[in-house]
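*Asks:* Fold the following, please.
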Amino acid sequence: MSKLAFLAASTAGVGAAGAGGYFLMKGNDNPKTTFKERYKHALLSKTSDLWTTKLASLKKEAPTHPKLIEAFNKAKETNQDEAATQLLKEGCDLVYSEPIENSKHHKDFKNYCSKTNKEASSKTWNSEDKSNNAWDAPLTNLKSHSISEYGELHAKLASLKQEISSLSGTTYEATVREKLKNWCEEIQSNIYEGPESDEFKQQERYCRK
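*Replies:* Below you'll find the predicted structure:
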């Protein structure tokens with residue numbers, strides 16, 4: 001190889017290495033989103049009253065995160081709820097700091113470490129049976145749903161709104177009430193994403209008394 005060709009090849013190699021280093025550094029400038037960042041409204045404080053509820057849920061089904069497994073095992077022991085709760089908090093702290101992408105602990109976060117839609121509200125939940133007319137007022141409200149106030153309707157609510165839009169009365173069949181009740185029960189356990197999330201605003205509008 002001539003000196004000129006060698007110098008050209010060397011320069012190209014240095015340039016490629018430099019570019020590789022640049023893109024590697026650029027990649028480090030964009031860390032992956034953690035549970036804490038994505039679901040900041042759903043995080044439980046150290047003093048939250050919900051830890052008792054979360055521990056009760058933990059006792060029913062084994063988690064996957066190692067620290068939460070410690071909490072699960074500790075909770076099986078007699079009179080160890082306090083110690084188990086401490087381990088639960090520590091485990092959730094670790095989960096909070098994990099990147100969401102490719103995480104194996106989505107279910108752990110949802111079931112044991114986060115606030116749900118229902119838990120985020122202080123209003124009275126409509127737990128009445130479909131035969132009860134307590135569902136009629138929310139259904140009437142749904143007919144005049146305001147996108148500007150409550151956001152784009154969830155697909156199932158949009159379908160229900162279309163179904164009842166032609167009805168003139170304010171009393172509804174049990175089958176119609178059941179559709180709204182089922183939607184409320186479906187989304188109540190979803191992770192709370194803040195007071196301005198469409199799902200939460202619609203829950204407060206159509207699932208509360």
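
*Asks:* can you list the domains in the chain?
*Replies:* Using automatic domain parsing, the domain ranges for the chain come out as 35-112, 133-206.

*Asks:* mind putting those in JSON lines, distance to residue 125 and mean pLDDT included?
*Replies:* The way it works is simple: take the backbone N, C-alpha and C, and place the C-beta from them, glycine included. Rendered in JSON lines, the data for these read as follows (distance: least, Cβ to Cβ, whole Å; pLDDT from 0 to 100):
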{"stretch": "domain 35-112", "distance to residue 125": "14", "mean pLDDT": "98"}
{"stretch": "domain 133-206", "distance to residue 125": "8", "mean pLDDT": "97"}
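
*Asks:* how much distance is there from stretch 46-65 to the middle of the chain?
*Replies:* Distance of stretch 46-65 from the chain centroid (Cα atoms, centre = their mean, to the nearest Å) equals 16 Å.

*Asks:* Would you mind writing the CA trace of that stretch as PDB?
*Replies:* This file holds the C-alpha atoms of stretch 46-65, laid out as PDB (Å, rounded to 0.1, in the frame of the first residue of the first chain):
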ATOM      1  CA  LYS A  46     -43.700   6.500  52.200                       C
ATOM      2  CA  THR A  47     -46.600   7.500  54.500                       C
ATOM      3  CA  SER A  48     -49.400   6.600  52.100                       C
ATOM      4  CA  ASP A  49     -52.400   4.800  53.600                       C
ATOM      5  CA  LEU A  50     -52.500   2.600  50.600                       C
ATOM      6  CA  TRP A  51     -49.600   0.400  51.700                       C
ATOM      7  CA  THR A  52     -52.000  -1.700  53.800                       C
ATOM      8  CA  THR A  53     -54.100  -2.400  50.700                       C
ATOM      9  CA  LYS A  54     -51.000  -3.100  48.600                       C
ATOM     10  CA  LEU A  55     -49.700  -5.600  51.100                       C
ATOM     11  CA  ALA A  56     -53.000  -7.300  51.200                       C
ATOM     12  CA  SER A  57     -52.800  -7.700  47.400                       C
ATOM     13  CA  LEU A  58     -49.200  -8.900  47.600                       C
ATOM     14  CA  LYS A  59     -50.200 -11.700  50.000                       C
ATOM     15  CA  LYS A  60     -52.600 -13.100  47.400                       C
ATOM     16  CA  GLU A  61     -50.100 -13.500  44.500                       C
ATOM     17  CA  ALA A  62     -46.300 -13.800  44.300                       C
ATOM     18  CA  PRO A  63     -44.500 -10.900  42.600                       C
ATOM     19  CA  THR A  64     -41.500 -11.200  40.300                       C
ATOM     20  CA  HIS A  65     -39.100  -8.500  41.600                       C
END
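
*Asks:* if we can go back for a sec, any chance of the domains of the chain in TSV, plus distance to residue 123 and mean neighbour count?
*Replies:* Shown next, in TSV, are those (distance: least, Cβ to Cβ, whole Å; neighbours: other Cβ atoms under 10 Å):
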stretch	distance to residue 123	mean neighbour count
domain 35-112	17	16
domain 133-206	6	15
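
*Asks:* Let me know which of those is the nearest to residue 126.
*Replies:* Closest of those to residue 126 is domain 133-206, at 5.7 Å (criterion: Cβ to Cβ).
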